[in-house]
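Student: Curious how this folds, go ahead:
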Amino acid sequence: MTTRPDVHILDQRTPEERARSFLPGMGRTWLLPLYDVFTRAAGVGALHARAAELADVRPGQSALDVGCGTGNLALAVLARQPAARVTGLDPDGDALRRAARKARRRGVSLTLDQGYADRLPAEDASLDHVLSSLALHHLDDDGRTDFAREALRVLRPGGRITIVDLGGGSHDHTGGRASGHSGLHGLMSRVVPARAVAHNHGSAVPELLLGAGFSDAREVAHVDHRFGRVTFVQATRA
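Tutor: Sure, this is the predicted structure:
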């Protein structure tokens with residue numbers, strides 16, 4: 001007898017959090033139906049597969065995907081390790097419902113939680129992994145700092161954070177590959193303007209994690225993607 005996958009959506013937001021605004025994954029709420037189409041066309045799936053490989057979640061380990069959107073990174077982790085216990089967190093309820101439908105179609109168990117990166121839905125020292133893909137640039141300065149501190153709080157000693165985002169060594173998120181507003185690059189420029197990734201330049205992400213108390217924070221890989229340099233950063237809770 002086949003076990004039915006356990007896919008459910010939680011909403012533990014406070015009344016204050018329910019009133020908060022957020023930046024949707026495509027920059028505009030009405031663009032959500034195009035999100036997965038856009039990410040497939042842009043080759044983002046390869047970035048998620050690489051992040052899952054670098055995170056190296058093991059059987060039975062727990063992982064939280066922060067800013068999970070429609071669940072693509074969480075599903076990449078489960079594709080690589082079906083025995084992992086994965087939760088996706090995002091403030092966008094419509095995106096979470098899309099993620100739930102995708103998980104059910106793939107026959108994998110996934111918990112989805114509607115909430116924010118500055119209050120992670122986990123007890124102290126309870127997780128093995130925290131991951132985030134193309135979400136850090138959505139946060140302002142205070143939000144980035146709060147997220148890093150929250151990630152440290154919820155990770156067990158030896159737990160690892162893996163962040164994938166635009167930025168790193170290059171100061172041009174277009175990668176110098178295109179100009180103007182045509183095609184994928186044009187859409188990307190509207191969804192993620194250069195100012196949104198300004199705080200990811202250089203060693204800013206490793207420094208953010210070191211400042212929160214992580215150890216061994218460093219860029220472990222990067223890809224010169226069609227919409228710019230994408231950096232993979234990892235750090236460990238001592």
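
Student: In the helix or strand encompassing Leu112, which residues are buried?
Tutor: Using DSSP states H and E, the element containing Leu112 is strand 110-114. Of the residues in strand 110-114, Leu110, Thr111, Leu112, Asp113, Gln114 count as buried by neighbour count, 16 or more other C-beta atoms under 10 Å. Heads up, the C-betas are built off the backbone N, CA and C, glycines and all.

Student: again, but for stretch 49-56
Tutor: Neighbour counts over stretch 49-56 (16+ other C-beta under 10 Å) mark Ala49, Arg50, Ala51, Ala52, Leu54, Ala55 as buried.

Student: So the fifth one versus Ala46, what's the distance?
Tutor: Yep, that's Leu54 we're talking about. Distance, Leu54 to Ala46, using C-beta to C-beta, to the nearest Å: 13 Å.

Student: Now the element after the lowest-mean-pLDDT helix or strand in the chain, going C-ward?
Tutor: Ranked by mean pLDDT, DSSP states H and E, the weakest helix or strand in the chain is helix 183-191, scoring a mean of 49. Scanning forward in sequence from helix 183-191 by DSSP H and E, the next helix or strand is helix 204-212.

Student: my guess is Pro82 contacts Val108, does it?
Tutor: Yes - here Pro82 reaches Val108: they are 6.3 Å apart, a contact under C-beta atoms under 8 Å.

Student: Compare those two (neighbour count), which wins?
Tutor: In this view Pro82 and Val108 are compared by other C-beta atoms under 10 Å, and Val108 has more residues nearby, 20 against 14.

Student: Give the helix, strand or coil label for that one.
Tutor: Under DSSP: H, G, I helix; E, B strand; the rest coil, Val108 falls in the coil class.

Student: Name every strand pairing with the strand holding Leu112 and say which way it goes.
Tutor: strand 7-11 (parallel), strand 85-90 (parallel) (DSSP bridges).
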